[in-house]
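Colleague: fold the following for me, if possible:
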Amino acid sequence: MSGSLLDADALIGCPHGGRVSAATTSTGGVRAGGAAVATAAHSYVVTGCPHTVDGVPMPCVSVRWTADGTGITVDGQAVLLDTSAAQCLTAARVPQGPPVVQAAQRKVTVR
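Modeller: Numbers count the residues shown, from 1 in each chain. Alright, predicted model coming up:
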């Protein structure tokens, strides 16, 4: 699997327009372009998701990433790429679709 490395500065949104951001960014000091490298161990939160179902608010609140099998790790955790599988979830952990990576660290690519 190839793709661009995700970092704490990546612009990511939920499928409904909410903003995805890293809740944790500690990677033992490993940085790319000055931003912490994202790994499968990081938690991601969603803010501002306007999604409703039949008029009832059902916003995305978190993202669960599935690490790719690239073999590249930081502190023993697989790095995340803009092509990594992920799912936005409600507070009840109901899947609502994949996040949309709008911009990722293009200086580092994995092949």
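Colleague: show me what contacts residue 65?
Modeller: 40, 42, 44, 80, 84, 85, 86 (CB atoms under 8 Å, 6 or more residues apart in numbering). All C-beta atoms are positioned from the backbone trio N, CA, C, and that covers glycine.
Colleague: how about the nearest residue to the last one, chain neighbours excluded?
Modeller: The spatially closest residue to residue 86, leaving aside those adjacent along the chain, is residue 65, at 4.5 Å (CB to CB, 6 or more residues apart in numbering).
Colleague: next secondary structure after the helix or strand hosting that neighbour?
Modeller: Residue 65 belongs to strand 62-66 when elements are defined using DSSP states H and E. Going down the chain from strand 62-66, the next helix or strand is strand 73-74, by DSSP H and E.
Colleague: coming back round to it: and the contacts of residue 65, which are buried?
Modeller: Buried members of the contacts of residue 65, counted by 16 or more other CB atoms under 10 Å: 40, 42, 44, 80, 84, 86.
Colleague: if I look at the nearest residue to the third one once chain neighbours are set aside, how far off is residue 5?
Modeller: Yep, that's residue 44 we're talking about. Nearest non-adjacent residue to residue 44, counting by CB to CB, 6+ apart: residue 63, 4.0 Å away. As for residue 63, its distance to residue 5 is 17 Å (criterion: CB to CB, to the nearest Å).
Colleague: could you give the number of residues near residue 34?
Modeller: 9 (other CB atoms under 10 Å).
Colleague: contacts only, for it.
Modeller: residue 9.
Colleague: where does pLDDT dip in the chain?
Modeller: 1, 25-29, 103-111 (pLDDT under 70).
Colleague: what pairs with residue 31 across the strands?
Modeller: residue 36 (DSSP bridges).
Colleague: coming back round to it: inside strands: which ones of the buried ones among the contacts of residue 65?
Modeller: Of the buried ones among the contacts of residue 65, the ones assigned to strands by DSSP state E are 44, 86.
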